[in-house]
Structure formats: C-alpha cells, structure tokens
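Need a 3D model of the following:
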Amino acid sequence: MILADMPFAFYVIAGFIICILILAFISFRLRRRRREYRLRQLLKQNDFAYTVIDIRSAEEYSRSHIPGAIHLPMENVGSVFPVENMFQPLYVYGTTEFKARKASRILENTGYFNVQSVGGFRRWRWTVEG
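Sure, this is the predicted structure:
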C-alpha cells in the first residue's frame with residue numbers, strides 16, 4: 001500500500017517545488033521592475049540632489065549607463081571618493097544586486113551616510129525625460 005502511494009506523493013512534492021520556483025522567479029522580476037521604476041522616477045526629477053554611481057567595468061559603462069551616472073569601477077570603491085558631500089544621497093548600481101550591495105556597504109564604511117543599492121542592471125534601457 002505504501003509503495004503504491006509513493007509515486008503520487010513524489011508528483012505532488014515535485015509539483016509543489018515547481019510552483020515555489022515559479023513564484024520566486026515572478027517575485028524576483030517584480031522586485032526588479034519596481035526598483036527600475038523608482039530609479040526612473042528619481043531621475044525624472046532633474047534636481048541633482050543625488051549621485052548615481054555605476055560600479056560596472058569600463059566596457060559595460062561605455063555600452064550603456066544611466067544618464068549622469070559617475071563611473072566608479074568596483075575595484076576602486078572605497079579608495080576613491082565619488083563626491084565630497086558625505087550626506088548627499090548615493091544610488092549605487094552594478095551588474096548584479098550582490099555587487100551593488102557590496103559597494104554600498106563599502107561606501108557606508110568609508111563615511112557616506114545616505115547610500116542605497118538600486119540593484120543590478122546589465123544595460124540601461126530607458127531614456128530619462130523631465
């Protein structure tokens with residue numbers, strides 16, 4: 001009896017795991033879209049009371065970047081100060097969310113007070129219109 005129920009249980013568990021993976025993927029995509037939307041709204045303000053920092057490689061930066069972003073490669077984060085005002089909001093992005101968070105922590109440890117990681121972008125797809 002127990003052996004006959006095992007295949008059914010296996011399919012139920014496998015289906016459950018697949019559903020969880022699909023929901024995790026959808027959640028990841030929605031978080032990324034929300035982050036991109038918030039950043040586009042910030043860039044539309046055009047008040048420049050903030051600094052956007054791109055920590056990707058020079059090649060990736062030259063291919064596409066957020067308009068007005070300062071290029072500061074990941075290997076230079078912490079040794080080069082991107083702005084003089086330590087209280088000015090800094091928005092950091094890189095190729096991956098992990099690298100952007102790591103760079104944000106490094107900048108916070110060097111004395112910047114208002115640092116936010118806005119995640120990872122391989123390329124910037126939008127134009128910024130005021």
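
For the biggest helix by length in the chain, the averaged confidence score.
Counting residues, the longest helix found in the chain (DSSP state H) is helix 2-44. Throughout helix 2-44, pLDDT has a mean value of 78.

tell me how far it is from the chain's mean position?
19 Å (CA atoms, centre = their mean, to the nearest Å).

helix or strand right after it?
strand 51-54 (DSSP states H and E).

How far off centre is that following strand?
12 Å.

same question, stretch 109-117
Using CA atoms, centre = their mean, the offset of stretch 109-117 from its chain centre is 15 Å.

That one spans what distance, first to last residue?
Length of stretch 109-117, first residue to last, CA to CA, to the nearest Å: 14 Å.

Likewise for stretch 56-74?
So stretch 56-74: terminal residues 7 Å apart, CA to CA.

Quickly list the domain ranges of this structure.
1-45, 47-124 (automatic domain parsing).

sorry, back to before: which helices and strands sit right next to the longest helix of the chain?
In terms of contacts (3 or more CB pairs under 8 Å, 6 or more residues apart in numbering; DSSP states H and E), helix 2-44 is packed against strand 90-94, strand 115-120. Bear in mind the C-beta positions are built from the backbone N, C-alpha and C, glycine included.
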